[in-house]
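Student: Dropping a prediction and its sequence here:
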Amino acid sequence: MSSSWRDYPRLSRTAWYSLIFILPLVAIYEILAVLINWESVTQLRNGADVLLRQLLYVFGLTTPHIMGIFFIAGVIATWMWQRQKHGTTQVAGIFLTGMMAESLLWAGILLVFLAAADQLMMIVTVSDTVLKKAFLAVGAGIYEEGVFRLILITGLATFFQHILDWQRQIAWGMAIGIAAVLFSLFHYIGPAGETFSWNSFGYRSVAGGILGLLFIYRGFGITAYAHTIYNLLALGLQTVR
């Protein structure tokens, strides 16, 4: 067991473990989407989810099931990559448990940091029930991390490092910073966006930077859960208040 746990830091941040880890989160989000939007004229979705769909629409990908198609394709591609590179697709359940515990830890740290600064933030004003707010909170963990960490940080760092030929540390550091600022600005855009303030913008940028570092060092799965758990904890505190 001690030998297995020595592999935990490396394996738990891989794409395969992240994918398996977030599958329940994606299932919860999609089930809630069906329940909440069952008889609604307009579809309630997380803002980053909507952003991705709109970008796909620009390229003519307008089928309503396009996100599901891309997700299934991603699962297959990750499975093939894992099998080719590591020769196995087995997942240690104890590692998934460890990833959940670690996600709780990081979510708690983020909660304490923002609560201590009196900046306990979560954009849920568009919804009128706790269930809808929880739905958006789960969606934020999946899609905001997918857009601003997985796609944006990886894409920017790759561009800076391999196209502009920047040093690796500078490339990834700049990518984390840019993604954090854009992540913060994203919460002030659209009819459901917050009223801009430099205070909340600054603290949310710092939170985005923390999540960016977490993504780099601990992988997408743990970051997505940490963000989701933080949102749910913040929602719980806001509801009690």
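Tutor: Now that the structure is in, tell me what you want to look at.

Student: all helices for this protein, in order.
Tutor: 2-6, 8-11, 15-36, 47-58, 66-86, 93-116, 130-139, 145, 152-158, 168-186, 198-218, 220-240 (DSSP state H).

Student: Tabulate the ones you listed (a markdown table), appending mean neighbour count and mean pLDDT.
Tutor: Every C-beta, even on glycine, is put in place using the N, C-alpha and C of the backbone. Converted to a markdown table, the helices of the chain look like this (neighbours: other CB atoms under 10 Å; pLDDT from 0 to 100):
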| stretch | mean neighbour count | mean pLDDT |
| --- | --- | --- |
| helix 2-6 | 9 | 67 |
| helix 8-11 | 14 | 91 |
| helix 15-36 | 17 | 93 |
| helix 47-58 | 16 | 86 |
| helix 66-86 | 13 | 85 |
| helix 93-116 | 16 | 92 |
| helix 130-139 | 21 | 90 |
| helix 145 | 27 | 96 |
| helix 152-158 | 18 | 97 |
| helix 168-186 | 18 | 96 |
| helix 198-218 | 19 | 94 |
| helix 220-240 | 21 | 91 |
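
Student: quick one: which of the ones you listed is nearest residue 192?
Tutor: Set against residue 192 and scored by CB to CB, those come closest in helix 47-58, at 7.0 Å.

Student: could you dump the helices of the chain to JSON lines with distance to residue 192?
Tutor: As requested, the helices of the chain are arranged in JSON lines below (distance: least, CB to CB, whole Å):
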{"stretch": "helix 2-6", "distance to residue 192": "43"}
{"stretch": "helix 8-11", "distance to residue 192": "38"}
{"stretch": "helix 15-36", "distance to residue 192": "15"}
{"stretch": "helix 47-58", "distance to residue 192": "7"}
{"stretch": "helix 66-86", "distance to residue 192": "20"}
{"stretch": "helix 93-116", "distance to residue 192": "20"}
{"stretch": "helix 130-139", "distance to residue 192": "9"}
{"stretch": "helix 145", "distance to residue 192": "19"}
{"stretch": "helix 152-158", "distance to residue 192": "21"}
{"stretch": "helix 168-186", "distance to residue 192": "11"}
{"stretch": "helix 198-218", "distance to residue 192": "15"}
{"stretch": "helix 220-240", "distance to residue 192": "15"}
